[in-house]
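Undergrad: attaching a predicted model along with its sequence, questions to come.
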Amino acid sequence: MRPLISLTLEAMIELVSQTFAPIPDSRDPDRLYYGLHDTLMSGFAMMFFQYPNLLEFQRKMKQRRHRCNLETIFGVHEVPSDTQMRDILDGVPIELLRELLPRVFDKIRRAGWANDFTTELSSGEQQGR
C-alpha cells in the first residue's frame with residue numbers, strides 16, 4: 001500500500017500554513033512583534049503537542065535537544081507566550097479559520113477513512129425538546 005502523501009504530517013502542516021497565510025492581520029503593523037501566521041501556527045502546534053504551556057515546552061525542548069520543534073516542524077520563527085497568543089487570536093475572525101476543517105475532512109474522505117470517524121452517539125438533534 002502506498003503512503004497517502006496528502007495525509008502525512010508534513011502535508012497537513014502545509015495545508016494549515018497555506019490556510020493561515022492569507023488571513024489579514026488587523027493589528028497596527030508598527031507595533032507587531034509576533035506575526036499572525038507564527039501565532040496561528042503556534043496555536044496549532046499547541047493543540048498538536050497537547051501541551052498546556054507551549055513556550056515552556058519549547059524551552060525544555062531546546063535545553064534537552066538544542067532545537068525547537070516549532071521551528072523545525074511548524075516553521076514558526078517567533079513564539080508568543082500563551083497570554084500573548086490568546087490576545088492575538090481573539091482578534092482573528094473565526095470564519096477565516098473554519099474553512100480548514102472541511103478541507104482536511106475532504107482529504108480524509110477521499111482516502112476512504114471517513115467511516116472511521118462515525119459514532120454511535122446521538123447527534124444532539126433531539127436534545128432540548
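TA: Arrived safely, thanks for sending. Numbering: from 1, shown residues only.
Undergrad: contacts, neighbours, all on C-alpha from now
TA: Will do.
Undergrad: and the helix or strand where residue 17 lies, what does it pack onto?
TA: Using DSSP states H and E, residue 17 sits in helix 9-20. In terms of contacts (3 or more CA pairs under 8 Å, 6 or more residues apart in numbering; DSSP states H and E), helix 9-20 is packed against helix 36-49, helix 100-110.
Undergrad: can you show me the CA trace of the least confident helix or strand in the chain by mean pLDDT as CSV?
TA: The weakest-scoring helix or strand in the chain, judged by mean pLDDT, DSSP states H and E, is helix 54-65 (a mean of 73). Extracted C-alpha coordinates of helix 54-65, given in CSV (Å, rounded to 0.1, in the frame of the first residue of the first chain):
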residue,chain,number,x,y,z
LEU,A,54,3.7,26.0,24.6
LEU,A,55,6.6,28.3,25.5
GLU,A,56,7.7,26.2,28.4
PHE,A,57,7.5,23.1,26.2
GLN,A,58,9.8,24.8,23.7
ARG,A,59,12.2,26.0,26.3
LYS,A,60,12.6,22.4,27.7
MET,A,61,12.9,21.0,24.2
LYS,A,62,15.7,23.5,23.3
GLN,A,63,17.5,22.7,26.6
ARG,A,64,17.3,18.9,26.0
ARG,A,65,17.8,18.6,22.3
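Undergrad: how about CSV for the helices and strands packed on helix 9-20, with mean neighbour count added?
TA: What follows is these, written out as CSV (neighbours: other CA atoms under 10 Å):
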stretch, mean neighbour count
helix 36-49, 19
helix 100-110, 13
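Undergrad: nearest to residue 70, out of those helices?
TA: With CA to CA as the measure, helix 36-49 is the member of the helices and strands packed on helix 9-20 nearest residue 70 (7.1 Å).
Undergrad: need the pLDDT of the residue sitting nearest the centre point of the chain.
TA: In the chain, the centroid-proximal residue (CA atoms, centre = their mean) is residue 44; its distance is 2.3 Å. The confidence metric pLDDT takes the value 89 at residue 44.
Undergrad: try residue 125
TA: Model confidence at residue 125, given as pLDDT, is 63.
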